[in-house]
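Asker: coords below, sequence missing:
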């Protein structure tokens, strides 16, 4: 695998759907968590835990451009289509060569922000479905 050996610059981060770049992206965030069950017993000074299931969620920000097919697919998923439809092959890339993360998501919320004199932007929140995959340049 050919992972990078230097830090990434955020100017290249982007979101792709079905291997097509979503235009006018402002950035994204991913949160990966692991459920932990308390397995502490009477008489212990320190807590113990056992791992459960992992999960992931996140959000991305965009300048709203509904003429962009990939952006429209995310909006349609919750606004005009049947909510709860899984979106597959979504990538959160760190650079122009596909170093990043990928997986299937459900859109859980969209916040559209229009201000006088500003560019209309939107934040899309999502929940991952299944494993999050780390990808390299291959």
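Answerer: Cool, the structure landed. Keep in mind that what you see is a predicted model, and the values were worked out from it rather than measured.

Asker: surely residue 56 touches residue 128?
Answerer: Yes - counting by CB atoms under 8 Å, a contact exists between residue 56 and residue 128, whose distance comes to 3.8 Å. Bear in mind the C-beta positions are built from the backbone N, C-alpha and C, glycine included.

Asker: quick one, strands of the protein?
Answerer: 14-17, 20-21, 25-38, 49-63, 87-93, 100-113, 121-135 (DSSP state E).

Asker: can you give the strand pairings for the last one, parallel or anti for each?
Answerer: Strands adjacent to strand 121-135 in the sheet, as given by DSSP bridges, are strand 49-63 (antiparallel), strand 100-113 (antiparallel).

Asker: pick the most buried one from these.
Answerer: Counting by mean count of other CB atoms under 10 Å, strand 100-113 has the highest mean neighbour count of these, with a mean of 17.

Asker: tell me the mean pLDDT for that strand?
Answerer: Strand 100-113 shows a mean pLDDT of 93 in the predicted model.
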